[in-house]
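1. pasting the structure only:
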């Protein structure tokens, strides 16, 4: 294989999982770095679990994140179709080939029989696997059961006394005994293939050079290698990514974290931060840089720097990174992303809106927090009851009166003029520190903490600032 070709092959069974996004991202980055092709293949052979619209939603989410594919069900390509339910004849043909070569066999065991078999093996402390009782059936018995319409599956016949050895870019050299592999079902009773057969056949015909997938598939690799050998095909290069873990080092689950990519986006995380964070779940650059654009990730990424150890999904780190992007991306971009959250809090005009975003993003982590922060500027807010008394004190009234008298004399967009007025007020009134700033902020925005005074006055504007001070005077 002369060209790098990788595939992201999700099942349309619901939302895009954080782990799925990482696999898709690594596929994308590796293909871009090596000048190869990144393929999207929809593996919808488990018809009972398929969710209507899930495939379209997944493609839409990845596109919005900046991950597009060279070949897919939408764009087509030289190896179409890219949806497995449209390729059933190909899998049936190759299952028949395995049967003819003696590498597969029909199994007529009922679910109840299989359950009893597993329970007996577990009770004896044995490795749980199919005991091959149907392999003893004669050809005539098999034909008769099929003719009678007996439900059945087709199983792969794994070799006996065989040790599989393969090299994995992340795991290094791996050896696994065939005795620890089950005779995997290849074709289910409904005629649809399982992942093991369909993925192997498709990876061959789509000329996939590297299979990048989660560590949970490592134990299945001998079955896939055996399928390649049975068909006489060259196996791809294997890349098994480390698990993504909760902070207690358990496998990432809803118990401790939301695992839906769409959920993080809807909660106001920036796509740039989410991609950056996901990229670092198992990979790091040579210089340990942490903030990357997607283009920078494409340039820096390499599979050789993917770790073996599990990666911790630390929400605190994601929040920190999102804050970095909130303040580092262009103001206009953040303002546009935040607009949907301002449906109930309308700024006076675009100038005020941008000024609010500029101030708010210095103190907020998520997009919805910008709108919440903006409320104090868009509509007058009363201080908390315990702070109202402060506004009635003589020193507070002096401060408010000073600004009420002198504010019309200066340009509110001139920060130096505001700072000069503040210094003059402190000197003349003899009030300083919290006693000076707190009553002013309480009157202007209803709370003791907020942006600096030049920013506050610039956002409110002269008329609104004077109106709010007059209310408390």
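-> Looks like it came in fine. Note that the structure is predicted; figures quoted are calculated from it, not measured.

2. list the buried ones in the lowest-mean-pLDDT helix or strand in the chain?
-> Least confident helix or strand, the chain: helix 385-391 with a mean of 85, by mean pLDDT, DSSP states H and E. Residues of helix 385-391 classed as buried by neighbour count (16 or more other Cβ atoms under 10 Å): 387, 390, 391. Yep, even glycine has a C-beta here, placed from its N, CA and C like the rest.

3. now do stretch 83-92
-> Neighbour count says stretch 83-92 has 83, 84, 85, 87, 91, 92 buried, by 16+ other Cβ under 10 Å.

4. ok, what's across the strand from the first one?
-> Spelled out, that is residue 83. Beta-bridge partners of residue 83, counted by DSSP bridges, are residue 42.

5. The stretch 51-200 of the chain: helices as residue ranges?
-> Secondary structure of the stretch 51-200 of the chain (DSSP state H, counting those that start in this stretch): helices located at 54-65, 88-101, 111-123, 139-147, 195-205.

6. Which among these is found nearest to residue 16?
-> If you check each of the helices of the stretch 51-200 of the chain against residue 16 by Cβ to Cβ, helix 54-65 wins as the nearest, at 5.0 Å.

7. the strands in the stretch 351-473 of the chain, which residues?
-> Remark: no strands are assigned in the stretch 351-473 of the chain by DSSP state E, counting those that start in this stretch.

8. Touching, residue 195 and residue 44? I think so.
-> No. The criterion here is Cβ atoms under 8 Å, and residue 195 misses it with residue 44 at 11.0 Å.

9. Which segments of the protein make up each domain?
-> 261-332, 380-472 (automatic domain parsing).

10. Out of those, which gets the lowest mean score?
-> Mean pLDDT is lowest for domain 380-472 out of the domains of the chain, coming in at a mean of 91.

11. wait, residue 446 sits on residue 378?
-> No. With contact defined as Cβ under 8 Å, residue 446 does not count as touching residue 378 (11.8 Å).

12. got the angle for the lengthiest helix in the chain vs helix 54-65?
-> Identified as the longest helix of the chain according to DSSP state H is helix 18-34. Helix 18-34 runs at 50 degrees relative to helix 54-65, counting by axes from the mean of the first three to the mean of the last three Cα atoms, to 10 degrees.

13. Mind listing residues that contact helix 18-34?
-> Residues outside helix 18-34 that contact it (Cβ atoms under 8 Å, 6 or more residues apart in numbering): 4-8, 10, 36-38, 62, 65, 67, 70, 210, 212-214, 241, 244, 252, 257, 259-261, 274-275, 278-279, 281-283, 297-299, 301-303, 306, 313.

14. Just the buried residues from these, in ChimeraX please.
-> To isolate in ChimeraX the members of the contacts of helix 18-34 that are buried, counting by 16+ other Cβ under 10 Å, one can use:
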select :4,5,6,7,8,10,36,37,38,62,65,67,210,212,213,214,241,244,252,257,259,260,261,274,275,278,279,281,282,283,297,301,303,306,313
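
15. nearest spatial neighbour of residue 62, skipping sequence neighbours?
-> Leaving aside its sequence neighbours, residue 62 sits nearest to residue 24 (Cβ to Cβ, 6 or more residues apart in numbering; 6.0 Å).

16. What is the burial count for the one you found?
-> 27 (other Cβ atoms under 10 Å).

17. how far away is it from residue 294?
-> 13 Å (Cβ to Cβ, to the nearest Å).

18. Equivalent analysis for residue 212, please.
-> 18 Å.

19. low pLDDT regions in the stretch 51-200 of the chain?
-> Residue ranges of the stretch 51-200 of the chain with pLDDT under 70: none are present.

20. let's see 90
-> Applying pLDDT under 90 to the stretch 51-200 of the chain flags residues 51, 161, 179-180.

21. now the strands for the stretch 201-350 of the chain?
-> Per DSSP E, counting those that start in this stretch, the stretch 201-350 of the chain carries strands over the ranges 210-214, 237-241, 244-245, 311-312.
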